[in-house]
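Engineer: Have a look; sequence and predicted model below, questions after that.
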Amino acid sequence: MPRYNPAVIEPKWQKYWETHRTFATPRLPADSKLYVLDMFPYPSGDGLHVGHPEGYTATDIVCRYRRMKGTSVMHPMGWDAFGLPAEQHAKKTGTPPRATTEKNIANFRRQLKMLGFSYDWDRELATTDPDYFRWTQFIFLVLYDTWFDPAARKGRPIAELPIPGEVSGEGPDAVRAYQDDHRLAYQLEAPVNWCPALGTVLANEEVVGGLSERGNHPVVRIPLRQWMLRITSYADRLEQDLDSLDWPESIKSLQRNWIGRSEGAEVDFFIDDETSDDGRPSRERFTDWANERDETGFPRKAGPAVLRVYTTRPDTLFGATYMVIAPEHPFVRRLTQPDQAEAVEDYCEQSARKSDMDRTDLAKEKTGVFTGSYAINPVNGEAIPIWIADYVLISYGTGAIMAVPAHDTRDFEFARKFKIPIVAVVDPGRSELVNREDVLMGRQCSVEDGTAINSGLYNGLTTAEFKAKIAADLSKKGLGRKAVNYKLRDWLFSRQHFWGEPFPILHELDKSGKPTGRLRTVPVDQLPLDLPKEMKFDAAHDSPEPPLEKAPEDWLYVTLDRKRYKRETNTMPQWAGSCWYYLRFLDPKNGAALVDPAVEKAWMPVDLYVGGAEHAVLHLLYARFWHKVLFDRGYVSTDEPFQKLVNQGMILGEMEFTGYRDAAGRWVGADRIGDAADGGLIDKTSGQPITPVKIEPDAVEKRGEAFVLAAEPSVRIDSRAYKMSKSRGNVVNPDQVVADFGADSLRLYEMFMGPLEAVKPWSMDGVSGVHGFLNRVWRMIVDERAEEIVLNDAVQDIEPEDEPNRVLHKTIKAVTDDLEQMAFNTAIARMMEFTNYFLKQDARPRAAMEKLVLLLSPFAPHMAEELWSLLGHDKTLAFEPWPEYDEAAVRDDVVEVPVQIQGKLRAKILVPADADRDALVAAAKANDRIAELLAGKKIVKEIVVPGRMVNFVVK
RNA sequence: GCCGGAGUGGCGGAAUGGCAGACGCGCUGGACUCAAAAUCCAGUGGGCUUCGGUCCAUGAGGGUUCAAGUCCCUCCUCCGGUACCA
């Protein structure tokens, strides 16, 4: 077998690593440590696609490199194995989800092992293992047992929650309710996305534009008892602590955006708690109220006499010409005057029926209805009408706003439509964005900062000054206060699925079997709480209640201390298991704790976390949230889990050319194609429907900026690579690539395609290109013509001459530097250059070949091990010291330096590498061509960068 | 709309402000072969060229600089995220 044959050497070395436990990681790091983590995959039935090994190869290279540098490396792999597909498969076929899951895991494991990753497989775990989710349940109980202390800005045990006197006076049930109100895990009637067609409830992220992400079925919102996690308590810390992380700025900004912190003020508008016939609060009572507020200050909870709003622009208070409350606002009924009752009821019912999609669809056209009531603006005592409109969301701020149409685009649209007065209170001054006259006249909306007008004593202040002053004034008078709001909502943590972690929660039942509302947690020593083994799976449910409602009675009902309980039947979302798996990897078999604190302290935080950008927000935010709670409660030693994050770019399918034809089969240029309303394509000029046609690459040529049909150059063609998908048929299967080229070629190609973070199209020709490189490395060292694997005659025990030595050391330096920066594509290019050079040499110093094999080993470990053993070594190279380069050997004796005149390249000269300014100028002037061009000119300036370039500026 | 990211040969891509296009693919020509594959050698951004060169060229336009793919301003296109968050 003299030829490079990955089909033989790859399994051979995989077996070697496995039997020698080469990559088993010690319990504690020896000296320096590195924790490198891949986002573990969901083991789908489709198996691995080529996107997975991209990140996995990158981390594997880093790990193998750092092991050779003497670092203790933690590099585990596991399975994010709960998930809806296995459950839906069960509904279709009756196969239990666990069986499907185990089968899929086995396939994924086989595929990953086939790629030669240096995971410590002893640490493998799946989120579906009872031994694992035992601790997921445990962490839920920690969340349940924690309240957030705003003063200390941290989570504390619920037992430490101070109970106000008036609550404790009401008895134990009131105390319990008060505690439940403060727990990080709490229950809520919340609308769920019920999809009748799928017979299941979907998570918000599974609903796209009002339709299910899978299958595009309609989704309706109905209320259901849910578990929520109070992630909003941690919003501030989640935002601020981003600063300390070595993450891509784009991901940080995505998270900041998602958290959506805004600063403003809460202001109370008087509405009176007694109704009047005309819907207007009484003047006297307003004055009394204001006087009272002046003494008592701003209360924590808004009473019934006021409508509390949140605004980021308290400086526009004088411009508030109406108020809006959300249709779900608790005051809707109260504020509705009898003659408006019917209209209000209709409107609220309508908007309740609207799905998210409808609300989005109608985003352009504002709707609303007048309540008939008025509120009094605290700054000027004016009564302004209160409207109901669904452009105000109940879930943000206080669910009510003061509307300032002159300075808010949404309010402006609404005011225009309903003919509400528009009063400008900010003079934008001279602005390019708006017409000042129009703004002052209320004909145009301006959200810019400026100078206050129409604002009484505040006139003339800048927006910033005004904001500061009014906040202080309102606060002094007890009418308002500074406030911070977040777009982030609490996390809806329950799912109406079978295949997820059961909650360790029991609902107490009364004698008649009805829930009393009292909860009890499953004792920690009784965890894990496994799913019922015997379950029938219906094809679909006809109601959104959780499947576990149909669990066997002996699972569902529990008697403890002579009380009867029913188990919680919701299960946890898939995110739960992935929120803390990085901790369990450190101590996967620990039966006494989720992780041994000594082990946790030694290995955490994760030093490098690599995964797809699709998890930029949810997974990474949820995991950080849990981690902070665990940190507050003393289970972990760091306040952030993932120090450095890298997102690998998506791998697209091969480049495709697409032409377009109309119904008659005539070609239509790509520049004329537009999207039709029904999702199809149309000819923008004629409106005719268009069919896309795939074009073979040889039928295409480039004309100027665009691609055209070679046979018909007037027809423009689209050229782009598409996301891999089954429906498009452009999915590349790693099994096939490995069968055709070997794992080392696949790994190498994935890294050679381009920068890790970039989105890049796949190319089979590219795989074959790096395969050719590996063949050349093989031939550089192995005698291909021999019967046995023996060294190439050119490989000799000789001292390298100057030039080969320089090539070697430059390669070591370049590859090492590139690895430090995770610039794998250029590292590979440098090894290609090395190979191209040494293939031309008849004598190849054995030492140089050995160094190259070591450099190559993180990238193509199987071939490297094979060559290493051929070069006479009897153990794995995984722990051989990483080659060092000699600074002196890297330096060139003679360098070629460009000589420019007026910044234009005119000649190149060869000079000693250490030539100084004068020597360089002299050498440049001595050049025939330069001398000729300089003749008769006056040199104004000589710019010299030693070793780099010379530039003459002449007149 | 808003927030990110990106536009460099036929393609993937490379370039601490200092020789644009490293490396690979593809293509062209040649060697080997009866032939093909594989392999090897040479060439390969475009225009003009007396083959010495020379001009143009990193999405478009402007600017800073001796020097700009790289820095600044304006704009265009594509990709990703997000969307009534007051």
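Structural biologist: Nice, I can see it.

Engineer: ranges for the strands of the stretch 201-350 of chain A?
Structural biologist: Taking DSSP state E, counting those that start in this stretch to define them, one finds strands in the stretch 201-350 of chain A at A:207-208, A:211-212, A:220-229, A:262-270, A:306-311, A:322-325.

Engineer: Is it possible to get TSV of these that adds mean pLDDT, distance to residue A:805 and mean neighbour count?
Structural biologist: C-betas here are computed from N, CA, C, even on glycine. Output for those, formatted as TSV (pLDDT from 0 to 100; distance: least, C-beta to C-beta, whole Å; neighbours: other C-beta atoms under 10 Å):
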stretch	mean pLDDT	distance to residue A:805	mean neighbour count
strand A:207-208	62	60	17
strand A:211-212	67	64	18
strand A:220-229	85	61	17
strand A:262-270	93	62	21
strand A:306-311	94	70	23
strand A:322-325	94	78	25
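
Engineer: Compare the ones you listed and give me the one nearest residue A:171.
Structural biologist: Comparing the strands of the stretch 201-350 of chain A against residue A:171 with C-beta to C-beta, the closest turns out to be strand A:220-229 (24.2 Å).

Engineer: mind checking the backbone torsions on residue A:114?
Structural biologist: Backbone torsions for residue A:114, taken as degrees, to the nearest 10, come to phi -60, psi -20.

Engineer: check contacts around residue A:112.
Structural biologist: With contact taken as C-beta atoms under 8 Å, 6 or more residues apart in numbering, residue A:112 is in contact with A:48, A:56, A:77, A:119.

Engineer: Those in helices, which ones?
Structural biologist: If you go by DSSP state H, the contacts of residue A:112 have residue A:56 in helices.

Engineer: Reformat the contacts of residue A:112 as JSON lines; add neighbour count and pLDDT.
Structural biologist: Output for the contacts of residue A:112, formatted as JSON lines (neighbours: other C-beta atoms under 10 Å; pLDDT from 0 to 100):
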{"residue": "A:48", "neighbour count": "21", "pLDDT": "91"}
{"residue": "A:56", "neighbour count": "25", "pLDDT": "96"}
{"residue": "A:77", "neighbour count": "22", "pLDDT": "97"}
{"residue": "A:119", "neighbour count": "22", "pLDDT": "97"}
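
Engineer: which pair in the contacts of residue A:112 spans the largest distance?
Structural biologist: Using C-beta to C-beta, the contacts of residue A:112 span at most 14.1 Å, a distance reached by A:48 and A:119.

Engineer: To what extent is the residue of the stretch 501-650 of chain A found nearest RNA strand B buried, counted in neighbours?
Structural biologist: As assessed by C-beta to the nearest atom of the strand, RNA strand B sits closest to residue A:613 within the stretch 501-650 of chain A, at 6.1 Å. Number of residues near residue A:613 (other C-beta atoms under 10 Å) recorded here: 17.

Engineer: residues in contact with it?
Structural biologist: By C-beta under 8 Å, 6+ apart, the contact set of residue A:613 is A:251, A:647, A:649-650.

Engineer: Swap in 10 Å and give it another go.
Structural biologist: Shown in contact with residue A:613 (C-beta atoms under 10 Å, 6 or more residues apart in numbering): A:248, A:250-251, A:254, A:645, A:647-650, A:757, A:759.

Engineer: Can I get the contacts of residue A:112 in a markdown table including distance to residue A:719?
Structural biologist: Conversion of the contacts of residue A:112 to a markdown table gives the following (distance: C-beta to C-beta, whole Å):
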| residue | distance to residue A:719 |
| --- | --- |
| A:48 | 28 |
| A:56 | 30 |
| A:77 | 37 |
| A:119 | 39 |
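
Engineer: Need the contacts of residue A:112 in CSV (columns: distance to RNA strand B).
Structural biologist: Output for the contacts of residue A:112, formatted as CSV (distance: C-beta to the nearest atom of the strand, whole Å):
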residue, distance to RNA strand B
A:48, 21
A:56, 19
A:77, 26
A:119, 27
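
Engineer: now, which of the contacts of residue A:112 sits nearest residue A:227?
Structural biologist: The closest of these, once distances to residue A:227 are taken by C-beta to C-beta, is residue A:77, at 29.9 Å.

Engineer: That closest one contacts residue A:125, doesn't it?
Structural biologist: Yes: shown here, residue A:77 and residue A:125 form a contact pair, counting by C-beta atoms under 10 Å, at 9.0 Å.

Engineer: Name the residues contacting each of these two.
Structural biologist: Each of A:40, A:585 lies in contact with both residue A:77 and residue A:125 under the rule C-beta under 10 Å, 6+ apart.

Engineer: RNA strand B versus the closest residue to residue A:542 other than its chain neighbours, what's the distance?
Structural biologist: Counting by C-beta to C-beta, 6 or more residues apart in numbering, residue A:542 lies nearest to residue A:199, which is 7.1 Å off, once chain neighbours are set aside. Going from residue A:199 to RNA strand B by C-beta to the nearest atom of the strand, to the nearest Å gives 25 Å.

Engineer: what's the residue closest to the geometric middle of chain A?
Structural biologist: residue A:616 (0.8 Å; C-alpha atoms, centre = their mean).

Engineer: Look up how far residue A:581 lies from that one.
Structural biologist: Look at residue A:616 and residue A:581: by C-beta to C-beta, to the nearest Å, they are 18 Å apart.

Engineer: Next, format the contacts of residue A:613 as CSV and append distance to RNA strand B and pLDDT.
Structural biologist: As requested, those are exported to CSV (distance: C-beta to the nearest atom of the strand, whole Å; pLDDT from 0 to 100):
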residue, distance to RNA strand B, pLDDT
A:248, 8, 90
A:250, 3, 86
A:251, 8, 90
A:254, 5, 89
A:645, 13, 94
A:647, 10, 93
A:648, 13, 93
A:649, 8, 92
A:650, 8, 92
A:757, 8, 93
A:759, 6, 92
